[in-house]
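**Q** A structural model of the following input is requested.
(chains A and B)
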2 protein chains.
Amino acid sequence: MKVKYELLKKDKKTSARHGKLHTNHGVFETPMFMPVGTLANVKMLVPEELKDIGSAVILSNTYHLWLRPGSDIIKKAGGLHKFMNYDGPILTDSGGFQVFSLANPKNISEEGVKFKSHIDGRELFLTPEKSIQIQNELDSDIAMSFDECPPASADYKYMENSVKRTLRWAKRGKDTHNNINQSLFGIVQGGAYKDLRELSAKETVKLDFDGYSIGGVANDGESKEDMYSAIDYSIPFLPKDKPRYLMGVGEPIDIIEGVERGIDMFDCVLPTRIARHGNAFTKYGKINLRNLKFREDFTAIEDGCDCYTCKHYTKSYIRHLLVSHEQLAGRLLSIHNIRFLIRLTEEIRDAIDNDNFSSFKENFIEKYNKK
Amino acid sequence: MKVKYELLKKDKKTSARHGKLHTNHGVFETPMFMPVGTLANVKMLVPEELKDIGSAVILSNTYHLWLRPGSDIIKKAGGLHKFMNYDGPILTDSGGFQVFSLANPKNISEEGVKFKSHIDGRELFLTPEKSIQIQNELDSDIAMSFDECPPASADYKYMENSVKRTLRWAKRGKDTHNNINQSLFGIVQGGAYKDLRELSAKETVKLDFDGYSIGGVANDGESKEDMYSAIDYSIPFLPKDKPRYLMGVGEPIDIIEGVERGIDMFDCVLPTRIARHGNAFTKYGKINLRNLKFREDFTAIEDGCDCYTCKHYTKSYIRHLLVSHEQLAGRLLSIHNIRFLIRLTEEIRDAIDNDNFSSFKENFIEKYNKK
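**A** Numbering: from 1, shown residues only, chains lettered A, B, ... in the order given. Down below sits the predicted model:
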């Protein structure tokens, strides 16, 4: 079946909304943060831990899985869920974001993108059709359209042509898509240009996707203002009965800003990546557990946190693991950081239900930025 | 309280025995394999997983904890159990094995061992008293005497002097020991020399420890025959009502050979170390999961294995994680490998109970060496 968005409660003052997304692998509430499982695993964690954390849906990367182990292997395994032993909903990206960072601009043509594998340098060619075929084989619950991801610095002319090409690619991908159990989301591009976002949103919606995402906000170089305007310029043209997904965004404040503008879904490698470098989210901002001041700090990372890590371990212990290069540190911090973002979305949903989203936002940001 | 050994069943044909060890942190059956948690964690795993695996006791390294985070920190945390959130029994080694591999022979004196930290090169001095003081602070359930670990190549004269010094060190350590909740084990040395093993065993027993271990069998250079004779030469002089521990041994066949000779406890980094390199124990011998032949092998690592990894993941998936350098592979393989050795000890105990230890040994070795 295709995903179905159910609205539970709309905020009165803002575009924030609390809803539910029905998928083939269960229902989850939105706004929701999706941890990233690049190579068919959320780094160091197992599905049981993700469930424990309250993480209801993950993102996996088409580009990476295409190269390793290959979508043929995953198909033979019975699809990505079976391959990685995960029975919750999975969203796969299109591979576009990855290949554009590897491709030389002159290798981008109407047909597709030529680039060199980051593993062995062999030349590869990814097209809208191929991206969808791979995702059909992966058998994720939600596939993404293959889009061009131009740099934030692209000028108007380049961006206009790019938006139009992405629309043609979206159509080609949609025509190729043939997995009836898989939903397909369209992607709105257009950089920081209001009219291009409008054009992209309207034309993408005409193609009638199962959901819509806003892309081009978390490449390199976009400012926060660019991100927020990109959402503001796109949302009014997206249907209210379909889910909206802001790609690549995981900073707590950005999630709140996105929700305020009407976003339902977020994904980012941030919580697991910063974890491996010793960083933890807390309501008072990010802290680095390597800091000497935590050497004898026998309290949890964040007071009041209900995650496995905070219930069982101290800052002193995690600091010891970090300075000793013990990988368990990354595992424990990943659990905390993902839980932090999931808990944030839970609190956001409660705030929407209780008609106090705006004051929740204000309080959160004040505390988070205090340090 | 001090540990108490309870004999449940003795094999009729061999010295193998099934017993129970009562400790401050619970009772476990012997023979038992102890995974190694060098730096206050069994690499990548949490205590709940160890419990799940049936692992009832772990070993942690005094040398490593002394350097990082420091025994003062662990004492302030309330002891090693609290620091690492592990409520089962913990055995700490003496640090001897580590410092002897770092020290220049001319820096070994009657007083103790001078060596350079492997982390920052600063000069350190470890004595029998210091080793026991650190272990008292760590507050493990079982502490080990500080012993000299001479190389397998040491000649008779060197070994004789070393055995005698280790006896003097054992006495000094015992006199220093003042943690009434912690047991202290003596260590039998003597290399491959029958009379020195006898001397060491008899004199160590005279000092009246809570248990005895056989050391000097898993340094560099000892042959399997040396290991087996070291046990044979020592065991007859050890009391039957105390536990016997073979240090640093974790190869499945060595465990069986050790049990046959009357050993109750084993420890080794092997299961977790080989896991991080992609190797798995199976009843048909070790396999390396990186092998191309597992690319499309959608079966468990070992048929019939009841571990979390074998119940949920395929060789194909684990191979994918390994070739993609995903740390989850090491975690999943560590679970399997530790469970393999724990299960081996369970099967050994059953075999002893059913009076078929010798045929169990024969069958196991035949299958394991078949490949």
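
**Q** Show me what counts as buried in the least confident helix or strand in chain A by mean pLDDT.
**A** None of the helices or strands of chain A scores lower by mean pLDDT, DSSP states H and E than helix A:96-102, at a mean of 90. For helix A:96-102, the neighbour count (16 or more other Cβ atoms under 10 Å in any protein chain shown) marks A:G96, A:F97, A:Q98, A:V99, A:F100, A:L102 as buried. All C-beta atoms are positioned from the backbone trio N, CA, C, and that covers glycine.

**Q** Over to stretch A:291-310?
**A** Per 16+ other Cβ under 10 Å, stretch A:291-310 contains these buried residues: A:F294, A:E296, A:D297, A:F298, A:A300, A:I301, A:E302, A:C305, A:C307, A:Y308, A:T309, A:C310.

**Q** helix, strand or coil for the second one?
**A** Put plainly, it is A:E296. Taken by DSSP: H, G, I helix; E, B strand; the rest coil, the conformation at A:E296 corresponds to coil.

**Q** so where do the helices sit in the stretch 201-350 of chain A?
**A** Secondary structure of the stretch 201-350 of chain A (DSSP state H, counting those that start in this stretch): helices at A:224-234, A:252-260, A:270-276, A:308-312, A:315-323, A:328-353.

**Q** So for B:H118, which of these sits nearest?
**A** Using Cβ to Cβ as the criterion, the shortest distance between B:H118 and the helices of the stretch 201-350 of chain A is 14.2 Å, found for helix A:315-323.

**Q** so how far is the closest one from its chain's centroid?
**A** Mean C-alpha position of helix A:315-323 versus that of the full chain (Cα atoms, centre = their mean, to the nearest Å) differs by 29 Å.

**Q** Which strands or helices does that helix pack on?
**A** Using 3 or more Cβ pairs under 8 Å, 6 or more residues apart in numbering or on different chains; DSSP states H and E as the contact definition, the elements that helix A:315-323 packs against are helix A:328-353, helix B:80-84.

**Q** let's see it at 10 Å
**A** Using 3 or more Cβ pairs under 10 Å, 6 or more residues apart in numbering or on different chains; DSSP states H and E as the contact criterion, the elements in contact with helix A:315-323 are strand A:287-288, helix A:328-353, helix B:71-76, helix B:80-84.

**Q** For that helix, list the C-alpha coordinates in CSV.
**A** Backbone C-alpha positions of helix A:315-323 (Å, rounded to 0.1, in the frame of the first residue of the first chain) are rendered in CSV as follows:
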residue,chain,number,x,y,z
LYS,A,315,29.6,11.3,32.0
SER,A,316,32.7,10.1,33.8
TYR,A,317,32.3,6.6,32.3
ILE,A,318,31.5,7.8,28.8
ARG,A,319,34.5,10.3,28.9
HIS,A,320,36.7,7.3,30.0
LEU,A,321,35.5,5.3,27.0
LEU,A,322,36.1,8.2,24.6
VAL,A,323,39.6,9.0,25.7
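
**Q** what angle sits between that helix and helix A:328-353?
**A** Following axes from the mean of the first three to the mean of the last three Cα atoms, to 10 degrees, one obtains 130 degrees for the angle between helix A:315-323 and helix A:328-353.

**Q** Show me what the residue nearest to the spatial centre of chain A is bridged to.
**A** Compute the mean C-alpha point of chain A, and by Cα atoms, centre = their mean the closest residue is A:D267, 1.7 Å away. Using DSSP bridges, the beta-bridge partners of A:D267 come out as A:M34.

**Q** Quick check, the residue in the stretch 251-371 of chain A closest to chain B?
**A** Of all residues in the stretch 251-371 of chain A, the one sitting closest to chain B is A:H320 (4.1 Å; Cβ to the nearest Cβ).

**Q** quick one: contacts for the closest residue to that residue other than its chain neighbours?
**A** Distances taken as Cβ to Cβ, 6 or more residues apart in numbering or on different chains place B:P69 nearest to A:H320, at 4.1 Å, with adjacent residues excluded. The neighbourhood of B:P69, defined by Cβ atoms under 10 Å, 6 or more residues apart in numbering or on different chains, consists of A:295-296, A:316-317, A:319-321, A:323-324, B:39-40, B:76-77, B:83.

**Q** Tabulate those residues (CSV), appending distance to B:S131 and pLDDT.
**A** Rendered in CSV, the data for the contacts of B:P69 read as follows (distance: Cβ to Cβ, whole Å; pLDDT from 0 to 100):
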residue, distance to B:S131, pLDDT
A:R295, 23, 98
A:E296, 24, 98
A:S316, 23, 98
A:Y317, 23, 98
A:R319, 25, 98
A:H320, 20, 98
A:L321, 24, 98
A:V323, 23, 98
A:S324, 20, 98
B:L39, 17, 98
B:A40, 17, 98
B:K76, 20, 98
B:A77, 20, 98
B:F83, 19, 98
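
**Q** mind checking how far stretch A:61-69 is from the chain centre?
**A** Chain-centre distance of stretch A:61-69: 17 Å, with Cα atoms, centre = their mean.

**Q** ok, the residue of the stretch 251-371 of chain A closest to chain B - how many residues close by?
**A** The burial count assigned to A:H320 is 27, neighbours taken as other Cβ atoms under 10 Å in any protein chain shown.

**Q** and what of the one 4 residues further on?
**A** Applying other Cβ under 10 Å, we find 19 other residues in the vicinity of A:S324.

**Q** is it true that the residue nearest to the centre of chain A touches A:F33?
**A** Yes: with contacts defined as Cβ atoms under 10 Å, A:D267 counts as touching A:F33 at a distance of 7.3 Å.

**Q** Against chain B, how distant is the nearest residue to A:K240 once chain neighbours are set aside?
**A** Taking Cβ to Cβ, 6+ apart as the measure, A:K240 lies nearest to A:L7, with 7.4 Å between them; neighbours along the chain are not counted. The gap separating A:L7 from chain B is 36 Å, by Cβ to the nearest Cβ, to the nearest Å.

**Q** pLDDT (mean, whole number) over the one helix or strand A:L7 maps to?
**A** Taking DSSP states H and E as the definition, one finds A:L7 inside strand A:4-10. For strand A:4-10, mean pLDDT rounds to 98.

**Q** ok and it relative to helix A:328-353, angle-wise?
**A** 60 degrees.

**Q** pLDDT score assigned to whichever residue of the stretch 101-250 of chain A sits closest to chain B?
**A** Distances between the stretch 101-250 of chain A and chain B by Cβ to the nearest Cβ are smallest at A:I119, namely 9.1 Å. Reading off the confidence values, A:I119 has pLDDT 94.

**Q** ok, for it, nearest residue in space, not its chain neighbours?
**A** Beyond its immediate neighbours in the sequence, the residue positioned closest to A:I119 (Cβ to Cβ, 6+ apart) is A:L67, lying 5.9 Å away.

**Q** Burial check on that neighbour, number of neighbours?
**A** 20.

**Q** picking up where we left off before, residues shared between the contacts of A:D267 and A:F33?
**A** A:V57, A:V249, A:G250.

**Q** separation between the nearest residue to the first one once chain neighbours are set aside and B:I253?
**A** Spelled out, that is A:V57. Nearest residue to A:V57 in three dimensions, chain neighbours excluded: A:P89, at 4.3 Å (Cβ to Cβ, 6+ apart). The span separating A:P89 from B:I253 equals 46 Å under the rule Cβ to Cβ, to the nearest Å.

**Q** So which of those two has more stuff around it?
**A** Counting neighbours by other Cβ under 10 Å for A:P89 and for B:I253 shows that A:P89 has the greater number, 24 against 14.

**Q** Many thanks, have a good one.
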